[in-house]
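Colleague: sequence-free structure coming up:
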Ligand SMILES: Nc1ncnc2c1ncn2[C@@H]1O[C@H](COP(=O)(O)OP(=O)(O)OP(=O)(O)O)[C@@H](O)[C@H]1O
């Protein structure tokens, strides 16, 4: 339960997003094709992939800013690509989006930036707008900075202000486009903790696009990897972190050895040369414990550490899950 904007209590929110056979191209050039995945309600999923593989395009397609060539995006029984503009406008209110740069209006102070969606999309009186804006600024730790302009604050604060704005209409699905880009490791750690805490407080469904491998390894319940025009894999965190599939293994462990090259895919000669030189992939590193909410309570999508591996007959890399009990049989 979490407080609603009218001061009452509401049942946990968060909706499932079911994507099937989604394909998107620009000028006949496919960005990705036949993407099928389900974002489980209230869980955190991360989407990874080399630069330029269309992760931002995927987020924009989900929220209806871009139209796919084919495929469906089912949310609460509605297929987004098939909705009229008017119906889509309504469904979009389910979404909060944190764009890469925070996408704040440079001439407005933080208060007005955060208030903007409320003033645009609702008819709430100014006193109510003020109450909600302060509630969200408090959630992201920005009370006291509300009169500052975006140009007067740090990149990390801009991200948090963008997050407060993304939260202001109490979205059920929150999309984050590289929330950690341009942040130092300490600020990234704070932001990741904030994301996990917000997920617990709001129960919304989160999808995070990131290049930060530590974020990908510790924050989500599920991980997806887009590579070479398709979704290479999507599933529970443990499944990808214990995967020996070459692309997944290479990407999640940030290695040079493997099928992914500097530009995109390595060609056959490069792979042959690697094989001839006897270059071997290093062993999989231990699966780290999942990041917990700072109040010590459970995450909504929390599973017993090692459970996925145990149920699927996969031996996790040695040292996985820190001191946690591994593979509790249920
Ligand atoms: N509106 C558009 N019109 C034409 N092409 C586009 C458009 N938007 C994106 N693209 C192209 O789609 C491809 C994927 O871009 P996108 O920004 O989604 O990649 P990305 O995986 O998010 O990259 P990065 O990790 O570097 O942010 C790129 O080749 C890009 O030029």
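Modeller: Arrived safely. Predicted model, so just to flag it, every value in this text is computed and none were measured.

Colleague: For residue 100, grab the count of nearby residues.
Modeller: Residues near residue 100, counting by other Cβ atoms under 10 Å, number 16. (Glycine included, C-beta is placed from N, CA and C.)

Colleague: Next: the one 5 residues further on.
Modeller: Neighbour count for residue 105, taken as other Cβ under 10 Å: 12.

Colleague: Looks to me like it is in a helix.
Modeller: No - under DSSP: H, G, I helix; E, B strand; the rest coil, residue 105 sits outside any helix and is assigned coil.

Colleague: which ones are touching it?
Modeller: 112, 113, 116, 150 (Cβ atoms under 8 Å, 6 or more residues apart in numbering).

Colleague: Could you report the distance from the residue nearest to the last one when sequence neighbours are not counted to the ligand?
Modeller: Spatial nearest neighbour of residue 150, excluding adjacent residues (Cβ to Cβ, 6 or more residues apart in numbering): residue 104 at 4.2 Å. Using Cβ to the nearest ligand atom, to the nearest Å, we find residue 104 at a distance of 19 Å from the ligand.

Colleague: Offset the numbering so it begins at 23, please.
Modeller: Sure thing, new numbering starts at 23, so read that last one as residue 126.

Colleague: quick one: contacts for residue 126?
Modeller: 132, 135, 172, 180, 183, 184, 187.

Colleague: Could you identify the most distant pair in the contacts of residue 127?
Modeller: Maximum pairwise distance in the contacts of residue 127, criterion Cβ to Cβ, is 12.3 Å, between 138 and 172.

Colleague: Compare neighbour counts for these two and give me the winner.
Modeller: Set residue 138 next to residue 172 and count neighbours by other Cβ under 10 Å: residue 172 wins out with 20 against 17.

Colleague: Now for that one: which residues touch it?
Modeller: 124, 126, 127, 128, 130, 132, 135, 180, 183.

Colleague: and if we set it to 7 Å?
Modeller: Applying Cβ atoms under 7 Å, 6 or more residues apart in numbering, we find residue 172 in contact with 126, 128, 180, 183.

Colleague: Quick one: the strands in the stretch 173-322 of the chain, in order.
Modeller: 195-199, 227-231, 244-249, 252-258 (DSSP state E, counting those that start in this stretch).

Colleague: between the first one and strand 227-231, how many degrees?
Modeller: It refers to strand 195-199. Counting by axes from the mean of the first three to the mean of the last three Cα atoms, to 10 degrees, strand 195-199 lies at 10 degrees to strand 227-231.

Colleague: How about residues contacting strand 195-199?
Modeller: 37, 39, 78, 81, 84-85, 116-122, 188, 226-231.

Colleague: Take these and keep only those in helices.
Modeller: Among these, the members falling in helices (DSSP state H) are 78, 81, 84, 188.

Colleague: Neighbour-wise, which one of those leads?
Modeller: These, ranked by neighbours (other Cβ under 10 Å): first place residue 188, 26 neighbours.

Colleague: give me the beta-bridge partners of the nearest residue to it once chain neighbours are set aside?
Modeller: Distance criterion Cβ to Cβ, 6+ apart; nearest residue to residue 188, sequence neighbours excluded, is residue 118 at 3.5 Å. Here residue 118 sits in beta bridges with residue 196, going by DSSP bridges.

Colleague: these two touch, right, residue 118 and residue 187?
Modeller: No - contact criterion Cβ atoms under 7 Å: residue 118 and residue 187 do not qualify, at 8.0 Å.

Colleague: Settle it for me: which of the two has more neighbours?
Modeller: Neighbour totals were compared for residue 118 and residue 187, and residue 187 leads with 28 against 25 (other Cβ under 10 Å).

Colleague: Which residues are in contact with residue 68?
Modeller: So residue 68 contacts 230, 232, 238, 241, 242, 245 (Cβ under 7 Å, 6+ apart).

Colleague: CSV for the residues you listed, including distance to the ligand?
Modeller: Formatted as CSV, these follow (distance: Cβ to the nearest ligand atom, whole Å):
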residue, distance to the ligand
230, 12
232, 9
238, 13
241, 17
242, 17
245, 15
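
Colleague: Name the residues of the stretch 173-322 of the chain found near the ligand, please.
Modeller: By the rule Cβ under 6 Å from any ligand atom, no part of the stretch 173-322 of the chain lies against the ligand.
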